[in-house]
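[1] Sequence plus the predicted model coming up.
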Amino acid sequence: MRTINVVLLLVCVVAVSFVFAQNIQLPMKKDSVRFAAIGDNGTGGRAEYQIADKLTAAHQRFPFEFVVMMGDNLYGSEAPKDFNTKFEKPFKGVLDLGVKFYASLGNHDDPARQISYEKFNMGGKHYYSFKPKNGVRFFSLDSNYMDKRQLDWFENELKASMSEWKIVYFHHPIYSSGEKHGSNVELRSTLEPVMVKYGVDVVLNGHEHFYERIKPQKGIHYFIIGSSGKLREGNIAQTELTEKGFDQDNTFMLGEISGDDMFFQVISRKGTIVDSGNIRRAEMTRKATTSR
Amino acid sequence: MFVQYAILGIFLIVALHPPQDGTTEAVIKEFKDRVARYWEIHKKAEAAAPPIDKKKEDPAAILEHEKALSAGIRAARANAAEGEIFTPPVQKALASAINQELSSGRGKQAREMILGEGNPKNPESPAKINLVVNGKYPSNAPLSTVPPSVLLNLPKLPEGLEYRFVGRHLILFDSKANLIVDILRNAIR
């Protein structure tokens, strides 16, 4: 009897995963860049494990190559065992598939321990950039400590980047409808001018424990993905900024870049598609970048 | 008439561009020299610590490196006292620069960034920190976010040495060794 129950349970799990996987409707174009984004995940709690399971299931239908992390990768203690219980164990499914993670630092992260941690691929740096494919570059910043050294580095990297797509990610959102934190205007006044000047297309943030897609600001598309472990239910205030918001469950994001399009889907812990769409690179952005 | 305009012009130039305070410059230079001396100690301790194998970076090896590095620094600065790098004149200069920024137009948000969630004395992210020179900054304690406007007004530090806040106190923080290097108490008024 017990064996039958276990078999039935397994069949149910496989069936749910299959049905969920069918919901993923990204175009999966040839030679596209496929990625996932998570934020504020490092609790080691049930929600993080469930999000990680959904991420693994999503990979069956949408084989993304890497995951970008918005910070608060490990909450609380950061002893060696915590790297296991709050990251390696929950994300074992995707790690075993060879998927790489690229972290940024949140205010709960210990830089000394995380920047050299192999599985976060930060290369011993608080901020860095990487190019998954020609034409696309991701920039990971440390918004906890935005000093002149980092600002100069960021501007020089943007200036030197020949990529059509410039995607920047860091912890603190400079546009947000969160009741708890809201927009970080201080950081905005420093970062926005340089991002506009050099044609940044997309900015991904965390810190607020919900999902929000902001109406494009000065040609830049902003996403907050800060509920992959933590959740602050009902925290999105009614503002003019929100294009789409979701604060009822934990979420993660899938993204696909192909040519001038970036397709995205945001998925909840229960497997519901919370948001989806397509960003087309603005004409002005294309003009701002030079030949590749 | 010309003379009047010339006098007015000179007055405006002087008013808008006050002469550099030679004393402050000397204080900052002295501070930078003390920081440089600390950083030499750091580099020596780092060279003696077990290296982090680039290909096998794992949390245990990173922790071992951090412990050896902080132990080396502590041994070399066994008699270090509060105010050794943040000397009284430096404290005055830094506190003035910080509070000038925090009382400016955008100072409210900068203050909230420093004292908000992330500051280990904030009720939402409390952590016990023994605020002493050569003290360990606990790995379970969050790090305060330091606004760019404040950082741009403070003297530049070597990469790996940072200004952070614990409550209203400014600390000089060695982020590679997780070590409190010096403390400027009640830096924020």
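    Yes, it's here.
[2] CA only for contacts and neighbour counts going forward, please
    Will do.
[3] Run through the residues of chain A sitting next to chain B.
    By Cα under 8 Å from any Cα of the partner chain, the residues of chain A that approach chain B are A:75-80, A:83, A:107-113, A:116-118, A:143-148, A:184-187, A:190.
[4] Give me the below-cutoff pLDDT ranges for the stretch 151-292 of chain A.
    A:283-292 (pLDDT under 70).
[5] still on that earlier bit, of the residues of chain A next to chain B, buried ones?
    Listed as buried from those are A:75-78, A:83, A:107-113, A:116-118, A:143-147, A:184-187, A:190; burial here means 16 or more other Cα atoms under 10 Å in any protein chain shown.
[6] Now do the strands in the chain.
    Defaulting to chain A. A:33-38, A:66-69, A:100-103, A:128-133, A:136-140, A:165-169, A:202-205, A:211-217, A:220-225, A:242-246, A:251-258, A:261-268, A:273-280 (DSSP state E).
[7] Actually, chain B is the one I wanted.
    Along chain B, counting by DSSP E, strands occupy B:161-166, B:169-174, B:179-184.
[8] re earlier: which ones among the residues of chain A next to chain B are found in helices?
    Taking DSSP state H as the definition of helices, the residues of chain A next to chain B contribute A:80, A:83, A:111-113, A:148, A:185-187, A:190.
[9] where does chain B come near chain A, residue by residue?
    So chain B meets chain A at B:55-60, B:62-63, B:66, B:106, B:109-110, B:118, B:139-149, B:151-152, B:175-178 (Cα under 8 Å from any Cα).
[10] Skipping adjacent residues, who's closest to A:Lys119 in space?
    Sequence neighbours aside, A:Phe101 is the residue nearest to A:Lys119 in space, at 6.4 Å (criterion: Cα to Cα, 6 or more residues apart in numbering or on different chains).
[11] Now do the contacts for that neighbour.
    A:Phe101 makes contact with A:66-69, A:119-121, according to Cα atoms under 8 Å, 6 or more residues apart in numbering or on different chains.
[12] how far away is B:Ala110 from B:Gly116?
    B:Ala110 is 10 Å from B:Gly116, where distance means Cα to Cα, to the nearest Å.
[13] Could you check which of those two is surrounded by more residues?
    Taking neighbours as other Cα atoms under 10 Å in any protein chain shown, B:Ala110 and B:Gly116 compare with B:Ala110 leading, 25 against 20.
[14] That one reaches A:Glu186, doesn't it?
    Yes: taking contacts as Cα atoms under 8 Å, B:Ala110 lies within contact range of A:Glu186: 6.4 Å.
[15] Give the residues shared as contacts by these two.
    What both B:Ala110 and A:Glu186 touch, as defined by Cα under 8 Å, 6+ apart, is the set B:147, B:149.
[16] sorry, back to before: go through the contacts of A:Phe101 and give me the one with the most neighbours.
    Using other Cα under 10 Å as the neighbour criterion, A:Met69 leads the contacts of A:Phe101 with 30 neighbours.
[17] and that one, what pLDDT?
    A:Met69 carries a pLDDT value of 98.
[18] Over to B:Glu25?
    Note for B:Glu25: predicted pLDDT of 90.
[19] Ok, B:Lys55 next?
    With respect to pLDDT, B:Lys55 scores 57.
[20] Repeat that for the one 3 residues further on.
    B:Asp58 carries a pLDDT value of 83.
[21] Please tell me I have it right and it contacts A:Glu118.
    Yes: at 6.5 Å, B:Asp58 counts as touching A:Glu118 under the criterion of Cα under 8 Å.
[22] That concludes my questions; thank you for your assistance.
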